[in-house]
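Undergrad: No letters, just coordinates:
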């Protein structure tokens with residue numbers, strides 16, 4: 001199933017319960033998280049095909065389980081001086097981009113998601129680490145991609161971001177502006193510096209931030 005949104009492209013397949021293979025490997029795999037297994041299965045394939053893993057999650061929503069894989073192009077493959085955040089794929093499947101006039105840059109497409117989905121679906125069927133039915137979703141992180149790891153914050157220094165705080169600060173929980181710095185702080189709590197649209201500099205501990213994502217600028 002192909003699912004199109006304004007900001008990202010996604011491929012989703014339903015995976016049923018299959019026969020257990022690699023039985024001798026089962027006990028070792030049971031000790032690992034599903035996402036860890038999926039990432040290990042994908043690592044060499046993504047490297048060979050010029051992709052990189054942005055994020056993965058295995059979550060239950062209602063009565064259904066979802067294994068979600070977010071892929072991006074390797075930075076050198078995305079083009080010097082640019083990144084793949086500036087693009088989504090529209091409902092016609094054509095690459096589009098925001099904030100750039102250079103149409104020579106390539107971004108994650110439906111074909112990329114399908115390729116990764118086919119490989120991972122077959123690999124997961126063989127390894128069979130998940131007992132219940134689940135949906136496998138492979139998608140791009142989208143233009144409004146979440147910032148979930150330190151490397152995400154470092155990569156997008158200089159970009160516009162939107163953050164929501166756990167607790168209000170100076171009368172607000174929502175801050176939008178340019179990400180200026182991401183530095184290692186005391187006790188492994190990195191510090192984030194953001195200059196908002198009014199020119200105010202916000203210096204925040206990463207632990208204060210509930211959610212963060214790139215802002216979509218047209």
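TA: Yes, it's here. Predicted model, so just to flag it, every value in this text is computed and none were measured. Numbers count the residues shown, from 1 in each chain.
Undergrad: in this protein, what secondary structure element scores lowest on mean pLDDT?
TA: Lowest by mean pLDDT, DSSP states H and E among the helices and strands of the chain is strand 95-97, with a mean of 34.
Undergrad: Can you point out the buried residues in whichever helix or strand comes after it?
TA: Sequence-wise, the next helix or strand downstream of strand 95-97 (DSSP states H and E) is helix 110-127. Within helix 110-127, the residues that qualify as buried are 110, 112, 113, 115, 116, 117, 119, 120, 124, 127, counting by 16 or more other CB atoms under 10 Å. Yep, even glycine has a C-beta here, placed from its N, CA and C like the rest.
Undergrad: Out of the residues you listed, flag the one nearest to residue 210.
TA: Relative to residue 210, the closest of the buried residues of helix 110-127 is residue 113; by CB to CB it sits at 28.3 Å.
Undergrad: State the distance from that closest one to residue 39.
TA: 17 Å (CB to CB, to the nearest Å).
Undergrad: and what of residue 125?
TA: Applying CB to CB to residue 125 and residue 39 gives a distance of 17 Å.
Undergrad: burial count for the nearest residue to residue 33 once chain neighbours are set aside?
TA: Nearest residue to residue 33 in three dimensions, chain neighbours excluded: residue 58, at 7.3 Å (CB to CB, 6 or more residues apart in numbering). Other residues near residue 58 come to 18 when the count uses other CB atoms under 10 Å.
Undergrad: If residue 58 is in a bridge, with which residues?
TA: On the basis of DSSP bridges, residue 58 is bridged to residue 67.
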